[in-house]
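# sequence and computational prediction follow.
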Amino acid sequence: MNETRSLSDQDLQTMLEALPLRRLHSLAKGRIPRHFRMGKRRLIVSLLGLQGEVRQYLAAEVTRHMAEQRTAIDAQQISRKRSLPAPATARHKIKSPSTATTARSGTPPTTIEAVLEGIGVPPPTEFRPDPWQLEAVSCLSTSDVIVSAPTGSGKTYVAVEAAKRAIQQDQTVIYTSPLKALSNTKYMEFSQIFGADRVGILTGDRRDNAQAPMLIMTTEILRNLLYDAASGEIDVRLNTLGLVILDESQYLADPERGVVWEETIIFCPAQARLLLLSASIGNPDEIAAWLRSIRPVPCHLIHHRERSVPLRACYLHPNGNLTPLFRTRDLVQGRGYAFHPETLKLFAEFEARTFGRSKR
């Protein structure tokens, strides 16, 4: 305790600056009013202004946290040293082409023609939503919905159709994104779909048509609106709120900003439905279970894994040769991959020329 009493303001400030924002909010809870409205710099200034026993507690907690971090780092370094492999006899070693060619011999490697097949503008066809898209829109009438689907698979269709239904019922729709640039892009996109008079935008830099039935904003703006409502400030838009769309909801896992998404979900009015969209949530089942535990309505999870737009990879060698990067034409998540034998041959040639090693 003597060590914590002797901490100067400068020492304590340095230690606070090293803490993540979520930890600072935890220290401020119950001690600083409306602390979640503050940025990191303002929050540190407010914490440094605490006096008496509260300050002693703050110094003790910060000192304990820093000691735990140092202990964890030391343990990681010891574990890493123990797990280091024996020194290799040759650097930049690449598997020989002969070994790669025989690997998975049951399936011949793809060709560059196959990889490039289908590139271009596809012929126009009638749009038909996939069953999982229709399921997501239908479930929003009775429950929250989490959509985890690959990029380009049609998550925006779900958002648009759900917004149309909510607006037809005279409900307010709020669409949030983590970035101002993305909010501006969605504002233009949705203005073309719903009409400029029915879409508004609220960001730190922009405020247009703020009473529109559909509002585009950053997640921080929505969180602040919900804070104001919780403190008694009446906002008609929240009284009629029927749908909240949280795009890029994988930000829940962000160490700095994830708390914003958590609090937005926690403070979201019970009458509004939540639609979480993401292409990269690693644990959608756990997120759905958490929503069920804190929200008064069920949560329906849609985990769509098939890519509408296939991923393919090529390797362009400095000598101008273009070859498939992998043995298979398309990349499929979870199935692993092996390098194409022609690419491995080019790798070996480049390695020999760059590092002066003779080819085997």
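Nice, thanks for sending it over.

# what is the neighbour count of the closest residue to residue 163 other than its chain neighbours?
Distances taken as Cβ to Cβ, 6 or more residues apart in numbering put residue 173 closest to residue 163, at 4.6 Å, once the chain neighbours are dropped. C-beta here means a position set from N, CA and C on the backbone, and glycine is covered the same way. Counted with other Cβ atoms under 10 Å, residues neighbouring residue 173 total 29.

# okay but residue 173 is in contact with residue 167, surely?
Yes - with contact defined as Cβ atoms under 8 Å, residue 173 reaches residue 167; the gap is 6.2 Å.

# any residues in contact with both of these two?
Common contacts of residue 173 and residue 167 (Cβ atoms under 8 Å, 6 or more residues apart in numbering): 213, 214.

# tell me the pLDDT at the residue lying closest to residue 191 once chain neighbours are set aside?
Counting by Cβ to Cβ, 6+ apart, the nearest residue to residue 191 once its immediate chain neighbours are dropped is residue 199, at 4.7 Å. Looking at residue 199, its pLDDT is 95.

# next, residue 199: phi, psi?
Main-chain dihedrals, residue 199, degrees, to the nearest 10: phi -130, psi 130.

# now swap in residue 346 and tell me
phi -70, psi -40.

# in stretch 263-283, which residues are buried?
Under the neighbour-count criterion of 16 or more other Cβ atoms under 10 Å, stretch 263-283 has 263-265, 268, 272-279, 281 buried.

# check contacts around the most centrally placed residue in the chain.
Centroid-nearest residue in the chain, with Cα atoms, centre = their mean: residue 250, separated by 3.1 Å. Listed by Cβ under 8 Å, 6+ apart, the contact partners of residue 250 are 278, 279, 280, 281, 282.

# show me the contacts for the fourth one.
Contacts here follow Cβ under 8 Å, 6+ apart; on that basis residue 281 touches 146, 148, 249, 250, 252, 287.

# and which of these is nearest residue 42?
residue 252 (24.1 Å; Cβ to Cβ).

# tell me the secondary structure at the residue nearest to residue 163.
Secondary structure for residue 173, judged by DSSP: H, G, I helix; E, B strand; the rest coil, is strand.

# what's opposite it in the beta bridge?
On the basis of DSSP bridges, residue 173 is bridged to residue 214, residue 243.

# using the three-state scheme, assign the residue nearest to the centre of the chain.
helix.

# per-residue pLDDT, it?
90.

# relative to residue 63, how far out is it?
Residue 250 sits 34 Å away from residue 63, going by Cβ to Cβ, to the nearest Å.

# likewise for residue 317?
From residue 317 to residue 63 the distance is 56 Å (Cβ to Cβ).

# what of residue 340?
55 Å.

# these two - which one has more neighbours?
Shown here are residue 340 and residue 63; by other Cβ under 10 Å, residue 340 has more neighbours (26 against 17).

# ok, now how distant is the closest residue to that one other than its chain neighbours from residue 14?
Nearest in space to residue 340, with sequence neighbours left out and distances taken as Cβ to Cβ, 6+ apart, is residue 324 at 4.5 Å. The gap separating residue 324 from residue 14 is 52 Å, by Cβ to Cβ.
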